[in-house]
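Student: Build me a model:
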Amino acid sequence: MKHVSACVLFFIIILNASFAADVSVQFDEGTYYFTADFTVEATPKRVMEVLTDYESIHELNPVIIESNLLETSQSNITRIRTVLRDCVLFFCRTITRVEDVAQINNERLEAYLIPMMSDLRSGEAVWVLNEIPTGTTVNYEANMQPKFWIPPFIRSYVLTKKFKNRVLESIERLQKVATS
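Tutor: Below you'll find the predicted structure:
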């Protein structure tokens with residue numbers, strides 16, 4: 001009976017964690033497109049604090065192995081450098097990203113890739129946060145185009161599925177950090 005109760009509890013937790021996130025990853029003409037809509041049980045201010053804690057951003061995404069704040073000449077822009085390391089099957093890659101990030105109150109976060117300082121040809125991400133009675137709804141839209149070649153059989157289904165799993169994992173980690 002204990003095992004049955006534990007299994008039922010496990011599936012309730014899994015269903016509760018996964019039904020709230022609508023995630024899409026698509027590949028088209030060399031560019032990956034990501035969208036996610038989900039709810040975090042924390043205020044927009046708290047969610048924004050977690051998203052803009054650049055020194056601890058690795059806590060949200062396990063493939064980020066390094067993050068640094070860089071100097072910028074614009075007072076309302078934060079320039080961050082992240083280094084990511086991940087493998088898909090036998091294809092492993094370390095990627096450096098440098099982005100200028102703008103925060104608009106606790107409602108919007110925009111990140112724009114600087115291609116000449118990154119291993120990506122282009123990229124941008126926008127987070128839109130809206131307060132609701134149970135917390136914050138988050139709409140995330142991003143795209144990126146690598147500068148490097150990815151074997152076709154990896155970039156299609158395998159990589160798209162891995163990216164989707166990474167986004168879902170990051171959402172789960174955001175929820176955990178924002179509510180702790």
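
Student: now Asp22, nearest residue through space, not along the chain?
Tutor: Asp37 (4.6 Å; Cβ to Cβ, 6 or more residues apart in numbering). Every C-beta, even on glycine, is put in place using the N, C-alpha and C of the backbone.

Student: gap between Pro44 and Glu172?
Tutor: The spacing between Pro44 and Glu172, counted by Cβ to Cβ, to the nearest Å, is 19 Å.

Student: What is the burial count for Asp22?
Tutor: Close neighbours of Asp22, defined as other Cβ atoms under 10 Å, add up to 10.

Student: neighbour-wise, which of Pro44 and Glu172 wins?
Tutor: The residue with more neighbours, out of Pro44 and Glu172, is Pro44; 21 against 15, by other Cβ under 10 Å.

Student: Can you check what pLDDT the model gives that one?
Tutor: If you check Pro44, the pLDDT there is 96.

Student: for Cys7, same thing?
Tutor: 35.

Student: What of Ser18?
Tutor: You'll see Ser18 listed with a pLDDT of 36.

Student: follow-up on the earlier one: in three-state terms, label the residue nearest to Asp22 for me.
Tutor: Classification of Asp37 using DSSP: H, G, I helix; E, B strand; the rest coil returns strand.

Student: can you pull the contacts of it?
Tutor: Contact analysis of Asp37 by Cβ atoms under 8 Å, 6 or more residues apart in numbering lists 21-22, 137-140.

Student: Per-residue pLDDT of it, please?
Tutor: As predicted, Asp37 sits at a pLDDT of 94.

Student: Tell me the bridge partners for it.
Tutor: Under DSSP bridges, the beta-bridge partners of Asp37 are Asp22, Asn139.

Student: how near is it to Glu66?
Tutor: For Asp37 relative to Glu66 (Cβ to Cβ), the value is 29 Å.

Student: What is the neighbour count of Glu41?
Tutor: There are 13 residues near Glu41, going by other Cβ under 10 Å.

Student: isn't it right up against Thr179?
Tutor: Yes - with contact defined as Cβ atoms under 8 Å, Glu41 reaches Thr179; the gap is 5.6 Å.

Student: tell me what the lengthiest helix in the chain is packed against?
Tutor: As assigned by DSSP state H, the longest helix anywhere in the chain is helix 159-178. The helices and strands touching helix 159-178, judged by 3 or more Cβ pairs under 8 Å, 6 or more residues apart in numbering; DSSP states H and E, are helix 2-19, strand 22-28, strand 31-40, helix 44-51, strand 77-88.

Student: how does it look with 6 Å?
Tutor: strand 22-28, strand 31-40, helix 44-51 (3 or more Cβ pairs under 6 Å, 6 or more residues apart in numbering; DSSP states H and E).

Student: Could I get the buried residue list for it?
Tutor: 159-160, 162-164, 166-168, 170-171, 173-175, 177-178 (16 or more other Cβ atoms under 10 Å).
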